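Student: test case, fold it:
(one chain, ligands or ions: 5)
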Amino acid sequence: MILFGSLNILIWLLLSVAVETEGSKPNIVIVMADDLGYTDVGFHGGDEIPTPYIDNLAQGGIILDNYYTPMICTPSRAALLTGRHPMQLGLQHSVICAPCPFGLGLNETLLPEFLKKYGYATHIVGKWHLGSFTSEYTPTHRGFDSHLGFWGTRTDYFSHDTGGNHGGLDFWENMTVAREYNGSYGTELFGNKAVDLIMSHDQSKPMLLYLAHQAVHAGKPPQLLKAPQEYLDRFKFIKHDGRRRYAAMLSVLDDSIGNLTAALKKSGMYENTILIFTTDNGGPSAGFDGNYASNWPLRGCKYTNWEGGVRGAAFIHSPLLKNPGTTSHHLMHISDWLPTIISAIGETLPKDIDFYGVDQWPSIQFNAPSARKEVMHNYDDGAGAIRYGDYKLVVCCTENERNGWYPEEHLYIGANQKPYIHCGERNSSLPSCTSADKYCLFDIASDPCEYNNIASLMPDLAEKLYNKLMMFADAAQPPRNKPADPAAYPALHNGHWTDWLDKHPVF
Ligand SMILES: *[C@@H]1O[C@H](CO)[C@@H](O)[C@H](O)[C@H]1NC(C)=O
Ligand SMILES: *[C@@H]1O[C@H](CO)[C@@H](O)[C@H](O)[C@H]1NC(C)=O
Ligand SMILES: *[C@@H]1O[C@H](CO)[C@@H](O)[C@H](O)[C@H]1NC(C)=O
Ligand SMILES: *[C@@H]1O[C@H](CO)[C@@H](O)[C@H](O)[C@H]1NC(C)=O
Ligand SMILES: *[C@@H]1O[C@H](CO)[C@@H](O)[C@H](O)[C@H]1NC(C)=O
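Tutor: Ligands and ions are numbered 1, 2, ... in the order given. Model (predicted):
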């Protein structure tokens, strides 16, 4: 019977049955860690740095085992908040440097903007990094009711200034420069702010809380890795100074998540909350922003398309889950969160936006097959990668560093650590993949550590994936990057960063 004029209505009906959103819509809490090593969390086998609060949530939720992010910060945050691919956004190339006048396009709609339509209160705490050269690019102009945190890439954990020759304070409370937090440790500040927002939330409305932690990103020179002394003291047994500092920083992050969970329970919001935990990219075990994170035994690290750069630590936790305590092996990309959240709250996406993200709610709730068969990792500057089924094609690499396995060269991990990832055999007759190769092919299911380049054994598949990658690259929005503008420097603006290209920048 043709009762329904369109397939859309039918789909809408099916969805509304599936999600059972009787009563008020669930609260959404997204915790993003910055530069977290894949193997450093206990739920991935890390045994050197205890992460009991994170592990508890992960193990009582669904661990996402086949989950990918871009290799660096800005693209990752952009994909999370728009459901679009960084290459569709022109944000596939590097990150937004503090004095660089570009940002996430104003024609894009962000998660908090969608959720406001459904009555949500929306808050961001912590790092933004999606543009700030004019006020319209900053968080409280892009759907967030409030912001406490920083606009740029990195700041000192205590003074919240960016340091260097052209540095200055980068700390904001909505559109006001916030000087009074000098001396307070970033991770505690953000964790405590999140707790305050939860405890003072008017529960007649659902809440979106995006807690984009500073931890465990490197801060400002000369001491990049800072933590409160009591936390450093916990890790005296780690001899390597940098690794000890990293351990302390991660431990604060874990405690703050303990506080967050306790606040959700105390406020009564927990029962109707969906909590998402994700890193923005792999740990920078080698190269810039180095924080002595470990992705071992995965290959590469932050700022590479190797698994160590893009395979993220992530889970979802909620009393609303039907299969808590499980691990999902479905292929997932960070851009999937937006469609997944919209589905979980019983709403539908607009049809006129070309989302790269897909709705993973049916696979999370009912273990239905993932709507995702491939993940376009990136293509930029002649280097890139695409995952398709079990296989991954890599066009290697803009640089010759960071292509190894870390920290094999300098072992930071605990002596008894058992790898969560089991590498297959290394076949010495198969080349390892360098920039001299047109492309390389890996079977990630059997060779997650990217030892064996099987492009010569499966030339047809390799060529097909290469063509897919090139087609996506041809359709990409060109990089929006702009060179640094010295007019941005804090020396010209009362010692702080600002929306310097506005007619009346915050002074
Ligand atoms: C926004 O505009 C850019 C071109 O400037 C385009 O590539 C992009 O797809 C647009 N975004 C949306 C959501 O339409
Ligand atoms: C930031 O904005 C929120 C929402 O309007 C408001 O409740 C809060 O008081 C503001 N904070 C400051 C410091 O102005
Ligand atoms: C923070 O406080 C310290 C010590 O009082 C001071 O030297 C520093 O300039 C302050 N930093 C900022 C960004 O205000
Ligand atoms: C946890 O909560 C306590 C009590 O409010 C607070 O003093 C502490 O700073 C919080 N810890 C973190 C890491 O946020
Ligand atoms: C190693 O790769 C070669 C193809 O180059 C293959 O013939 C051989 O069986 C492989 N060895 C193992 C142990 O898998």
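
Student: give me the phi and psi for Thr279.
Tutor: As for Thr279, its main-chain torsions (degrees, to the nearest 10) stand at phi -80, psi 160.

Student: looks like it contacts Phe315 (just checking).
Tutor: No. Taking CB atoms under 8 Å as the contact criterion, Thr279 and Phe315 are not neighbours in contact, 10.8 Å apart. For every residue, glycine as well, the C-beta is placed using N, CA and C.

Student: which secondary structure element contains the residue in the chain positioned nearest to ligand 4?
Tutor: Ligand 4 sits closest to Gly191 of the chain, with a gap of 3.1 Å, by CB to the nearest ligand atom. Gly191 belongs to helix 186-199 when assigned by DSSP states H and E.

Student: the helix or strand just after that helix pairs with which strands, parallel or anti?
Tutor: Scanning forward in sequence from helix 186-199, with DSSP H and E defining helices and strands, the next element found is strand 207-212. The strands that strand 207-212 pairs with in its sheet are strand 27-33 (parallel), strand 121-127 (parallel) (by DSSP bridges).

Student: the ones you listed: which one's closest to Asp255?
Tutor: strand 27-33 (13.0 Å; CB to CB).

Student: tell me what the very next helix or strand once past that closest one is packed against?
Tutor: Moving toward the C-terminus from strand 27-33, the first helix or strand encountered (DSSP H and E) is helix 52-59. Applying 3 or more CB pairs under 8 Å, 6 or more residues apart in numbering; DSSP states H and E, we find helix 52-59 packed against helix 241-267, strand 273-279, strand 314-317.

Student: could you pull out the buried residues of helix 52-59?
Tutor: Buried residues in helix 52-59, counting neighbours by 16 or more other CB atoms under 10 Å, are found at 53-59.

Student: where does the closest residue in space to Phe472 that isn't next to it in sequence sit: helix, strand or coil?
Tutor: On the basis of CB to CB, 6 or more residues apart in numbering, the spatially nearest residue to Phe472 that is not a chain neighbour turns out to be Met376, at 5.3 Å. Using DSSP: H, G, I helix; E, B strand; the rest coil, the three-state assignment for Met376 comes out as strand.

Student: need the contact list for Met376.
Tutor: With CB atoms under 8 Å, 6 or more residues apart in numbering as the criterion, the residues that contact Met376 are 85, 87, 356, 386, 469, 472.

Student: just those now: which is nearest ligand 5?
Tutor: Of all the contacts of Met376, the one sitting nearest ligand 5 is Ile386; the distance, using CB to the nearest ligand atom, is 22.9 Å.

Student: want to throw the contacts of Met376 into CSV with neighbour count and pLDDT?
Tutor: Putting these into CSV (neighbours: other CB atoms under 10 Å; pLDDT from 0 to 100) gives the following:
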residue, neighbour count, pLDDT
His85, 26, 98
Met87, 26, 98
Tyr356, 23, 98
Ile386, 24, 98
Leu469, 23, 98
Phe472, 19, 98
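
Student: re the thing from before, deepest of the helices and strands packed on helix 52-59, which one?
Tutor: Comparing the helices and strands packed on helix 52-59 by mean neighbour count (mean count of other CB atoms under 10 Å), strand 314-317 ranks first with a mean of 25.

Student: can you list the helices and strands that that strand packs against?
Tutor: Under the contact rule (3+ CB pairs under 8 Å, 6+ apart), strand 314-317 is packed against helix 52-59, strand 62-64, strand 273-279.

Student: go again using 6 Å as the cut-off
Tutor: Other helices and strands packing on strand 314-317, by 3 or more CB pairs under 6 Å, 6 or more residues apart in numbering; DSSP states H and E, are strand 62-64, strand 273-279.

Student: which one of the helices and strands packed on helix 52-59 lies nearest to Cys440?
Tutor: Ranking the helices and strands packed on helix 52-59 by proximity to Cys440 (CB to CB) places strand 273-279 first, at 24.9 Å.

Student: by how many degrees do that closest one and helix 186-199 diverge?
Tutor: Comparing the axes of strand 273-279 and helix 186-199 via axes from the mean of the first three to the mean of the last three CA atoms, to 10 degrees yields an angle of 160 degrees.
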